[in-house]
Structure formats: C-alpha cells, structure tokens
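[1] Sequence isn't available, so here's the structure alone:
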Ligand code: AMP
C-alpha cells in the first residue's frame, strides 16, 4: 500500500496536487485540515478549541490530530494507498506516525516537498477560493487559476467559498508556524532517504509532471 506525504508551506498547492495524484493513481486523499473542519462542523465540546486554533493559524495539539488521523486510517479499506495532505506538521507527529505504521507493518513510501517562496504563497492565499463540493481550488488574482464564471465552480456550477483562515494576518502566523515546526521535517525525511523536492512555483501541470516522475518510481 502506498503512503505518500506532502510537506509544504501554506498555499504551495498541497490540496490541488493531492487531488491530481489521487485521481491518477487511485489513492485516497486524507487532509488533516479537512478532518479538523469536519470535527468543527459537529459542534461539540471540541469545536471551539479547534476553530480558534485554525483561525489563529496555530497548530492543533498532536494528541487530537493523531486521534483524528488514527480513526480515519482505521476506517480505511485496504486499497492502493493514500496521500497525507497536511500531516505530519512537526517532528513529533512524524515520529508517532512512524510507530503507528510499524505496528501495521507498513512504512512511508515517499515524502514530496513542494518548495515555494513566502511572497508567492501569500499571493496565492489571499486570493484562494474553492469549491465546497469537489474541493477544486481557484484564485481570484491569478489569471490562469480564475474560474470561467466569476465565483462559480467550472465543474459543479456552484458558488465558490473562501476559507476563514485565508487572510494576510493569519497567513503570517501560519507561515511562521511552518518555518518553526514543519520545515524541520525536511531534514528528518532527508536522513531516511525518502525526501523528493519539487519546484512548486511552476504552473500546476508542470508541478504535477515532476510528482508523476517520483510516484512512478515507488
Ligand atoms: P490545512 O488545511 O492543511 O492548511 O490546515 C489548516 C489548519 O488546520 C492549520 O493551520 C492548523 O491549524 C490545522 N492543522 C491541519 N493539519 C494539522 C496537523 N497535522 N497538526 C496540527 N494542526 C493541523
């Protein structure tokens, strides 16, 4: 079973590239950000805490994330595999995940690092809008990523929405959190010889072509 991890700063294209990889290789897309947003929608005693972490751009506790991910992996049927989008976010999560996989007799197949500058990430984030139904991501300010009809999904024909954490202020905190907590994963996986770097400043299809050449080898 393939288990692929994407490591990237906010707005490097994790969501978009995950969907393309899943479509081509028949993998399941597991986004911890989506798992949190689903947990918030349940409106239970944890929702307020999760909402405040997301909206301030800070990470949710490792304990909660590992619990959410663990139950998602348990529900999963055996199949060709899955992509983790947004997990791990720090070295402790990576260590815990390695032991979780060891117990299941599995290991991480590869880690794809989507490299992008802070300036481009910010431009992408403040204009990001997406389809609540199919998850496709568009950008209000980048011509090649605008929807054909303003604020409407090309595929589903429904109104596009903006994430509450996609603003310049939260972006600053999220980017700093990425540098402090997530970027050390690059070394962690480099040492295991499973890290592949992709230039994510290029247009979507060219980024995907680089990823295909990696996934085809594993
Ligand atoms: P994302 O959808 O991956 O951009 O994540 C949105 C927000 O969810 C992040 O800014 C964090 O607050 C939270 N989050 C997502 N994944 C994790 C994780 N693995 N660990 C901790 N917090 C997370």
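    The structure has been received and is ready for your questions. All values reported here derive from a predicted model rather than from experimental measurement.
[2] and the residue at the greatest distance from the centre of the chain, which of the three is it?
    Relative to the centre of the chain, the most outlying C-alpha is that of residue 149, 26.4 Å out, by CA atoms, centre = their mean. Assigned with DSSP: H, G, I helix; E, B strand; the rest coil, residue 149 falls in the coil class.
[3] now the one 5 residues further on
    Assigned by three-state DSSP, the conformation of residue 154 is coil.
[4] now the residue farthest from the centre of the chain: how far from the ligand?
    Taking CB to the nearest ligand atom, to the nearest Å as the measure, residue 149 falls 26 Å from the ligand. Quick note: C-beta positions are derived from backbone N, CA and C, even for glycine.
[5] show me the contacts for that residue.
    Residues near residue 149 by CB atoms under 8 Å, 6 or more residues apart in numbering: none.
[6] Next: residue 127.
    139-142.
[7] switch to 6 Å and redo it
    Neighbouring residues of residue 127 by CB atoms under 6 Å, 6 or more residues apart in numbering: 139-141.
[8] Tell me the one of those nearest residue 211?
    Proximity of these to residue 211 (CB to CB) peaks at residue 139, which lies at 19.9 Å.
[9] The closest one: neighbour count?
    19 (other CB atoms under 10 Å).
[10] from memory it sits against residue 145, does it?
    Yes. Between residue 139 and residue 145 there is a contact under CB atoms under 6 Å: 3.9 Å.
[11] surely residue 110 meets residue 194?
    Yes. Applying CB under 6 Å, one finds residue 110 in contact with residue 194, separated by 5.2 Å.
[12] Intersect the contacts of residue 127 with the contacts of the ligand.
    With CB under 6 Å from any ligand atom as the criterion, the contacts of residue 127 include none near the ligand.
[13] Looking at those residues, spot the one nearest residue 208.
    Lowest distance from residue 208 to the contacts of residue 127 (CB to CB) belongs to residue 139, with 16.8 Å.
[14] mind listing what the closest one touches?
    So residue 139 contacts 127-128, 145 (CB under 6 Å, 6+ apart).
[15] again with residue 175
    Contacts of residue 175 by CB under 6 Å, 6+ apart are residue 118.
[16] did I read that right, it in a strand?
    No. Applying three-state DSSP, one finds residue 175 to be helix, outside a strand.
[17] what's the span of stretch 25-40, first residue to last?
    End-to-end distance for stretch 25-40, by CA to CA, to the nearest Å: 30 Å.
[18] Mind pulling up the pLDDT for the closest residue to residue 141 other than its chain neighbours?
    Using CB to CB, 6 or more residues apart in numbering and skipping the chain neighbours, the partner closest in space to residue 141 is residue 127 (3.8 Å). pLDDT, residue 127: 90.
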